[in-house]
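Chemist: I need the structure of the sequence given here:
(one chain, ligands or ions: 1)
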Amino acid sequence: MQQNTYEFGLIGLGVMGRNFILNVSDNGFKAIGYDLDIEKVNALIEEGGDVSKINATNKADKFVEAIARPRKIMLLVPAGKVVDTVIESLLPFLDKEDIIIDGGNSFFTDTDRRETYLKDKGIHFFGSGVSGGAKGARIGPSIMPGGDKEAYTQVQPIFEAVAAKFKGEPCVAYLGPKSAGNYVKMVHNGIEYGLMQLITEAYDLLKKGGNATNDDLQTVFSNWNNGRLQSFLIEITAGIFSVDDTLSEGKLVDKILDKAKQKGTGKWTSQNAMDLGIPVPTIDMAVSMRELSALKKDRIAADAIYAKPKSELRDKNDLEKKMEAALYFAFIITYAQGLHQLADASEEYKYNLELATIAKIWRAGCIIRAGLLEDISEAFEVNQDLPNLILSPNFKEKISSTLPAVREIVAFAAKQGIPMPGLFSALSYFDAFSSARLPLNLLQAQRDHFGSHTYERIDREGIFHTEWE
Ligand code: 6PG
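Modeler: Residues are numbered from 1 along each chain as shown. This next block holds a predicted model:
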């Protein structure tokens, strides 16, 4: 294997890694992959066809030596300890100024720790979110790099070439210092959890409240995808309803166990939002519903105890129309919550995030890509300091016009006992966010009553305490 030949190295030749490196090679960059698993190494060599353009090895020293300096090495390995282990295994062979990029879903504070650790050794390290699943990695993901800007500049031509394009613009941009890239990807995933939960609620409502069949649902979601709900998640959902089961009669979707798994990025988004003090209840609900879904045994027991309300069917077309508006509203609110969290995190962690840029690089390639992101990027372009989309003049009409339908769907679902916690939370969040006065004055009184925690007044400055009894 020739030394100093390849322009890009990739570690972790699982589906994502293999697809990403093939994408790099397709774009004219010589690349080499590394994995301890010789089968994965051989599979890449075979698929690549020409080892002078794309090669692979299971030897760390050979891998590092084959890359031209300063080396650009990207990790696509599971988040957590594996990342540290891989970094340690590379260190003996690296030279100063080499660049390591972590393309996995690493927790952002881990990225900060690794950047500091490697800086002391003269190695540039930055974290970069990569979204789009296996297919995205192959044909164009959305890429969210942050960290060492100078190091990023060296990788920029490769990333811009491999990224998804929206009207010719690459869906990648330097987002900010330190762990900005991983943080933005984490919130991307939180929004992803929210949108996915909302889609399951629409599915449930149309089935239970409108007697929709899988064929109907396929048509409804396809129609929705041709309108303002156009998005990757709505598109794949339409497709899911048409897939037959190969092991028994009927559609596959009906045979899948209703217990959701998670790898943790949505939960991290919620946890960190709590730390920051920024409400993201629709994302919180999406995490809780995955947890609730896992309690299958208890759910079955409770189902047997409690009678359901008498079901009342609604006109299918009317329900679809109103549900479309409600989903559009809840999508807006979910993006609003996630972006509000990003705005606050940007202050707290000094990321200097530009929300318009983030919305732009989410317009293609990533899992939460949606037509709506074009409007969102415009709203933040008009006002960079917009605290929340709800306050954008561009969104006033979009939100207001959906509200009657949202309220009707929520009321109907509540009456029918159809759980829609994502939609309910989005509506309550909106109603609270747009209330000049909330009943939390009473809560302050309670705190002062039992714990002398004090309160402020609406009519004069100062801190007050009352002997309530
Ligand atoms: C993406 C996805 C990707 C992954 C999720 C799945 O942007 O390409 O978000 O990162 O599919 O992490 O997460 P869960 O396993 O937690 O659903």
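Chemist: Can you pull the phi/psi pair for the one residue sitting closest to the centre of the chain?
Modeler: Per Cα atoms, centre = their mean, the C-alpha nearest to the average position across the chain is that of residue 189, at 1.8 Å. Main-chain dihedrals, residue 189, degrees, to the nearest 10: phi -70, psi -30.
Chemist: The nearest residue to it once chain neighbours are set aside: what's it in contact with?
Modeler: Nearest residue to residue 189 in three dimensions, chain neighbours excluded: residue 265, at 3.7 Å (Cβ to Cβ, 6 or more residues apart in numbering). C-beta: built from backbone N, CA, C; applies to glycine. By Cβ atoms under 8 Å, 6 or more residues apart in numbering, the contact set of residue 265 is 105, 185-186, 189-190, 193.
Chemist: Buried only: go through the residues you listed for me.
Modeler: 105, 185-186, 189-190, 193 (16 or more other Cβ atoms under 10 Å).
Chemist: one step back: dump the contacts of residue 265 to CSV, plus pLDDT and secondary structure.
Modeler: Formatted as CSV, these follow (pLDDT from 0 to 100; DSSP: H, G, I helix; E, B strand; the rest coil):
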residue, pLDDT, secondary structure
105, 97, coil
185, 98, helix
186, 98, helix
189, 98, helix
190, 98, helix
193, 98, helix
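Chemist: Please list which of those residues are also close to the ligand.
Modeler: For the ligand, the contacts drawn from the contacts of residue 265 by Cβ under 6 Å from any ligand atom are 105, 189.
Chemist: if we can go back for a sec, give me the phi and psi for the residue nearest to residue 189.
Modeler: Residue 265 adopts backbone torsions of phi -70, psi -30, taken as degrees, to the nearest 10.
Chemist: how close does it sit to the ligand?
Modeler: Using Cβ to the nearest ligand atom, to the nearest Å, we find residue 265 at a distance of 5 Å from the ligand.
Chemist: do residue 370 as well
Modeler: Residue 370 sits at a distance of 13 Å from the ligand (criterion: Cβ to the nearest ligand atom).
Chemist: Which pLDDT value goes with that residue?
Modeler: On pLDDT, residue 370 comes in at 98.
Chemist: cool, and the one 4 residues further on?
Modeler: At residue 374 the predicted local confidence, pLDDT, stands at 98.
Chemist: Likewise for residue 70?
Modeler: For residue 70, pLDDT reads 97.
Chemist: same thing with residue 3?
Modeler: Model confidence at residue 3, given as pLDDT, is 82.
Chemist: What sits closest to it if chain neighbours are left out?
Modeler: residue 65 (4.9 Å).
Chemist: neighbours around that neighbour, how many?
Modeler: 17 (other Cβ atoms under 10 Å).
Chemist: Then residue 14?
Modeler: There are 14 residues near residue 14, going by other Cβ under 10 Å.
Chemist: and it, what pLDDT?
Modeler: Looking at residue 14, the pLDDT reads 96.
Chemist: show me the contacts for it.
Modeler: Contact partners of residue 14, counting by Cβ under 8 Å, 6+ apart, are 35, 40, 76-77.
Chemist: And the contacts of stretch 178-189?
Modeler: Around stretch 178-189, the neighbours that count as contacts under Cβ under 8 Å, 6+ apart are 102, 105-109, 111-112, 115, 126-131, 144-147, 175, 265-266, 268-269, 272, 338-339, 341-342, 345, 349-353, 358, 362, 366-368.
Chemist: For residue 376, which non-adjacent residue is closest in space?
Modeler: Leaving out its chain neighbours, the residue that sits closest to residue 376 by Cβ to Cβ, 6+ apart is residue 359, at 4.3 Å.
Chemist: Confirm that that neighbour sits in a strand.
Modeler: No. The assignment for residue 359, made by DSSP: H, G, I helix; E, B strand; the rest coil, is helix rather than a strand.
Chemist: Any idea how many residues pack against it?
Modeler: Neighbour count of residue 359, defined by other Cβ under 10 Å: 24.
Chemist: Repeat that for residue 441.
Modeler: Applying other Cβ under 10 Å, I find that residue 441 has 12 neighbouring residues.
Chemist: how near is it to residue 264?
Modeler: Going from residue 441 to residue 264 by Cβ to Cβ, to the nearest Å gives 37 Å.
Chemist: ok, then the element right after the helix or strand hosting residue 85?
Modeler: Taking DSSP states H and E as the criterion, residue 85 maps to helix 81-90. Using DSSP H and E, the next helix or strand after helix 81-90 towards the C-terminus is strand 99-102.
Chemist: before we move on, back to that, so which of the contacts of residue 14 belong to helices?
Modeler: residue 40 (DSSP state H).
Chemist: List just the nearest of the contacts of residue 14 to the ligand.
Modeler: If you rank the contacts of residue 14 by distance to the ligand using Cβ to the nearest ligand atom, residue 76 comes first, at 10.9 Å.
Chemist: Tell me, how many residues neighbour residue 282?
Modeler: By the other Cβ under 10 Å criterion, the neighbourhood of residue 282 contains 31 residues.
Chemist: Would you mind putting the CA coordinates of the host helix or strand of it into PDB?
Modeler: Residue 282 is part of helix 281-294, with elements assigned from DSSP H and E. Extracted in PDB, the C-alpha atoms of helix 281-294 (Å, rounded to 0.1, in the frame of the first residue of the first chain):
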ATOM      1  CA  PRO A 281     -42.600  19.600  25.600                       C
ATOM      2  CA  THR A 282     -43.300  18.000  22.200                       C
ATOM      3  CA  ILE A 283     -39.900  16.500  22.100                       C
ATOM      4  CA  ASP A 284     -40.200  15.500  25.800                       C
ATOM      5  CA  MET A 285     -43.500  13.800  24.900                       C
ATOM      6  CA  ALA A 286     -41.900  12.000  22.000                       C
ATOM      7  CA  VAL A 287     -39.300  10.500  24.300                       C
ATOM      8  CA  SER A 288     -41.900   9.600  27.000                       C
ATOM      9  CA  MET A 289     -44.100   7.900  24.400                       C
ATOM     10  CA  ARG A 290     -41.200   5.600  23.300                       C
ATOM     11  CA  GLU A 291     -40.800   4.800  27.000                       C
ATOM     12  CA  LEU A 292     -44.500   4.300  27.500                       C
ATOM     13  CA  SER A 293     -44.600   2.100  24.400                       C
ATOM     14  CA  ALA A 294     -42.000  -0.200  26.000                       C
END
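Chemist: is it anywhere near the ligand?
Modeler: No. Judged by Cβ under 6 Å from any ligand atom, helix 281-294 makes no contact with the ligand; its nearest approach is 7.9 Å.
Chemist: Residue numbers of the protein in contact with the ligand?
Modeler: Checking the chain against the ligand by Cβ under 6 Å from any ligand atom, the hits are 105, 131-133, 189, 192, 262-263, 265-266, 366-367.
Chemist: Can you tell me the closest non-neighbouring residue to residue 277?
Modeler: residue 344 is the one closest to residue 277 (Cβ to Cβ, 6+ apart), at 7.8 Å.
Chemist: isn't that neighbour right up against residue 278?
Modeler: Yes. The pair residue 344 / residue 278 is scored as a contact, 4.7 Å apart, by Cβ atoms under 8 Å.
Chemist: rewinding a little: can you list the helices and strands that the helix holding residue 85 packs against?
Modeler: Helix 81-90 sits against helix 60-65, strand 72-75, strand 99-102, helix 108-119, with contacts defined as 3 or more Cβ pairs under 8 Å, 6 or more residues apart in numbering; DSSP states H and E.
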